[in-house]
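Trainee: heads up, no residue letters with this:
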DNA sequence: GTTCTTAGAGAAAAGCTTTTCTCAAATTCG
DNA sequence: CGAATTTGAGAAAAGCTTTTCTCTAAGAAC
């Protein structure tokens, strides 16, 4: 270890300016200084402005730790997720952060993968740091995070993950999203709509399929056809092969896909067969994953789950709980939104 | 507002157990209790174990805010990024988090987009929360975050973003990565290697292109050909069209791409032309973005920038600085890694 | 001129933990 | 047995801010 070599960096850690420093510089007590800066208490206008000016000059920043200790409130929350790639939790995080930033609340992001030990460590860390509340998020609506969040003594909100019974949760309205897609096809005059979706082990797969069937039934369309498989592009290719290779009856003129990756596979497979999208077959995806949806040729019309809005709601609701307001428990479904691009024709009158 | 309706949730915020509670329950002073729990000071073994047992029983957790206030250390750091989709910053975050979790340090994740106002707000929030240090990350090696991090009075480390002069930074070794790819092609016996990459406005584009040229020159290969365009699949398609449509001389038997999306476009375009990958043309991508690399048919051989390792190093180095250790300033390039999948044949002797 | 009110500002406590100092009792040593 | 240690444990201060209470001096009212 070379002693005091010139070139090394050893961050000159400035002692932060404290209220006491301000008070001394202004020639008043810390009590007065505090009141001056918080527009509290009684004092001459002159004293108040003088203290404020000096505080600004010195670059005073109240020590949040001391405030938190006193107020029993850290202005900090934890966001727990198991979504490593951030596909779902990053938009949620964006919404949460957006809702909380201006209220002065910061967010600890903790990825627990699917590891209970990791989950416990993160939860312990959060409790030690005295977070005001926790938002639990994830990558699946029907799977629990690998942690027990009941009885933590602080508010918990579930956002896009399987909630505890009797808790407060925000989830996407998958039925509504599916309805949006199928109704869009119907409005466009499509006659034969199939649904290529994910594995049957996913609850949303069934919920969306039910909605799809219901809308078809409502409009007296051809019998529904639901094809389940992996959430992959490859499955999209395969499904198209199945649909068109040994087509005994009518071939579909519309495919509603369970996610954008499947949709992309479907679009590519259709193009490879010389079928035009959207002229011959319309395709709608699910998730509005820009990266996939925009790169597909043509770009995908798809369902957006409004995860950022969901995160925002979750953040605001958590804040209400932290403020001691009572909130009705239950699962709130937030509406999805149809994002129209080019994989599906425009309605006749458009 | 309905008063005390049964069904609403109003989190019963338990008053957390304090050291004082433990001390009272054990019939000792808080000083003794503290020392018992921290294995400090002198006391009967019996007293110590009794206090510890009671603490465990009561579920005592030292209040991190009080500790931080005293130690002048919050055990908290901020991770600043402008990478909304998390493509680059999530792996970095994973590494940082991994390095710091067991040291009891939590991470505030702050996305500042490219908005200086947002950046300032987040930095202010961090300083108020008294973070021990900041890691600045991003989505481009040659762009600054929209915030000024000099003179904050706390250590700052740059990880995968343009650093301030005279600071400490960790970046990927793009030249090395490019060399890895081209040398792999050469080892496979490829004769005509072209480079399809991103826009010339990116510094890494030039760095990788230079390395590509240097390796070719070293091996006395055909003159290099570098094609720059957007970072999109579509550009991959176009580039292949340009290369094969009006091919006057030899057509390439290997394409080294600037990212995985371009590589995917290239692979798809080659397949559409009836060329086999990897038999007729080998393709190597860059980034190892699983989502794209694994979905490509065949799956992409690509360069991984080891961003998680980079994040880990950044986290550990930040911790050193926080601990007051001196660190040599400068930019540290961390090696990339070749991930072999199937878009590029195996070496002859393999 | 005396008493009451109000204004202005400071002292002190609280929030929780850690650490240093102090002190009384017990033990060891000569 | 008296003196010197050692041991066990508590008191208090520090870290920083906010808030309540207290106090003095000035002004108002009679």
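Mentor: All right, it came through fine. Bear in mind that the values here come from a model prediction, so they are computed numbers and not experimental data.

Trainee: The stretch 51-200 of chain A against DNA strand C: which residues are in contact?
Mentor: A:66, A:69-70, A:72 (Cβ under 7 Å from any atom of the strand). Quick note: C-beta positions are derived from backbone N, CA and C, even for glycine.

Trainee: what's the helix or strand for residue A:134?
Mentor: strand A:133-137 (DSSP states H and E).

Trainee: actually residue A:196, not the one I wrote
Mentor: strand A:193-197.

Trainee: what pLDDT, on average, does the helix or strand that comes right after that strand get?
Mentor: Counting by DSSP H and E, the next helix or strand C-terminal to strand A:193-197 is helix A:203-218. Helix A:203-218 shows a mean pLDDT of 96.

Trainee: List the buried residues of helix A:203-218.
Mentor: Residues A:204-209, A:211-213, A:215-216 are the ones in helix A:203-218 that count as buried (16 or more other Cβ atoms under 10 Å in any protein chain shown).

Trainee: Determine the three-state secondary structure at the residue lying closest to residue A:153 once chain neighbours are set aside.
Mentor: For residue A:153, ignoring the flanking residues on the chain, the nearest one in space by Cβ to Cβ, 6 or more residues apart in numbering or on different chains is residue B:14 at 3.7 Å. On the three-state scheme (DSSP: H, G, I helix; E, B strand; the rest coil), residue B:14 is labelled coil.

Trainee: neighbours of residue A:246, just the number please.
Mentor: 7 (other Cβ atoms under 10 Å in any protein chain shown).

Trainee: Need the pLDDT of it.
Mentor: 76.

Trainee: Same check on residue A:85?
Mentor: 84.

Trainee: okay, which residue is most central for chain A?
Mentor: residue A:92 (1.7 Å; Cα atoms, centre = their mean).

Trainee: The helix or strand encompassing it to helix B:89-101, inter-axis angle?
Mentor: Residue A:92 belongs to helix A:89-101 when elements are defined using DSSP H and E. Angle of helix A:89-101 versus helix B:89-101, following axes from the mean of the first three to the mean of the last three Cα atoms, to 10 degrees, is 70 degrees.

Trainee: Spell out which parts of the stretch 1-150 of chain A neighbour DNA strand D.
Mentor: So the stretch 1-150 of chain A meets DNA strand D at A:15-16, A:18-20, A:30-31, A:34-35, A:37-38, A:40-41, A:60-63, A:66-67, A:69-71 (Cβ under 7 Å from any atom of the strand).

Trainee: of these, buried ones?
Mentor: A:16, A:18-19, A:34-35, A:37, A:60, A:62-63, A:66, A:69.

Trainee: Closest to chain B out of the residues you listed?
Mentor: residue A:69 (4.7 Å; Cβ to the nearest Cβ).

Trainee: Wasn't that closest one part of a helix?
Mentor: Yes. Assessed by three-state DSSP, residue A:69 belongs to a helix.

Trainee: tell me the contacts of it?
Mentor: Going by Cβ atoms under 8 Å, 6 or more residues apart in numbering or on different chains, residue A:69 touches B:63, B:65-66, B:69.

Trainee: One more: residue A:286?
Mentor: Here residue A:286 is in contact with A:177, A:181, A:208, A:257-260, A:263, A:302-303 (Cβ under 8 Å, 6+ apart).

Trainee: Which residue does the stretch 101-250 of chain A have closest to DNA strand C?
Mentor: residue A:130 (8.9 Å; Cβ to the nearest atom of the strand).

Trainee: From residue A:327, how far off is the closest residue to that residue other than its chain neighbours?
Mentor: By the measure of Cβ to Cβ, 6+ apart, the closest residue to residue A:130 outside its immediate chain neighbours is residue A:74, 4.6 Å from it. Look at residue A:74 and residue A:327: by Cβ to Cβ, to the nearest Å, they are 20 Å apart.

Trainee: And for residue A:303?
Mentor: Distance from residue A:303 to residue A:327, by Cβ to Cβ: 28 Å.

Trainee: out of those two, which sits in the more crowded spot?
Mentor: Neighbours were tallied for residue A:303 and for residue A:327 using other Cβ under 10 Å; the higher tally belongs to residue A:303 (29 against 16).

Trainee: Which of the helices or strands spans the residue lying closest to that one once chain neighbours are set aside?
Mentor: Residue nearest to residue A:303 in three dimensions, not counting chain neighbours: residue A:177, with 4.3 Å by Cβ to Cβ, 6+ apart. Assessed by DSSP H and E, residue A:177 sits inside helix A:174-187.

Trainee: That helix - what's its average pLDDT?
Mentor: pLDDT averaged over helix A:174-187 gives 96.

Trainee: Give me the contacts around that helix.
Mentor: A:141, A:193, A:204, A:207-212, A:214-216, A:219, A:221, A:254, A:256, A:282, A:284, A:286, A:301, A:303, A:305, A:333, A:335-338, A:344, A:347.

Trainee: try 6 Å this time
Mentor: Contact with helix A:174-187 is made by A:193, A:204, A:207-208, A:211-212, A:215, A:219, A:254, A:256, A:284, A:303, A:335-336, A:338, A:347, as judged by Cβ atoms under 6 Å, 6 or more residues apart in numbering or on different chains.

Trainee: Check those residues one by one and keep those near DNA strand D.
Mentor: Among these, DNA strand D is touched by none when using Cβ under 7 Å from any atom of the strand.

Trainee: Residue B:112: which of those is nearest?
Mentor: The closest of those to residue B:112 turns out to be residue A:336 (Cβ to Cβ; 28.5 Å).

Trainee: who touches residue A:65 in this structure?
Mentor: Per Cβ under 6 Å, 6+ apart, neighbours of residue A:65: B:65, B:68-69, B:130.

Trainee: ok, 8 Å please
Mentor: By Cβ under 8 Å, 6+ apart, residue A:65 lies in contact with B:65, B:68-69, B:74, B:129-130.

Trainee: that's a helix at it, yeah?
Mentor: Yes. The assignment for residue A:65 (three-state DSSP) places it in a helix.

Trainee: Would you confirm that the residue of the stretch 101-250 of chain A closest to DNA strand C contacts residue B:63?
Mentor: Yes. Counting by Cβ atoms under 8 Å, residue A:130 touches residue B:63, with 6.3 Å between them.

Trainee: Identify the contacts common to these two.
Mentor: residue B:16.

Trainee: got the end-to-end distance for stretch A:267-283?
Mentor: Length of stretch A:267-283, first residue to last, Cα to Cα, to the nearest Å: 7 Å.

Trainee: Check the offset of it from the chain's centre.
Mentor: From the chain centre to the centre of stretch A:267-283 is a distance of 32 Å (Cα atoms, centre = their mean, to the nearest Å).

Trainee: go on, stretch A:62-82?
Mentor: 22 Å.

Trainee: Kindly check the end-to-end length of it for me.
Mentor: Start-to-end, stretch A:62-82 (Cα to Cα) is 35 Å.
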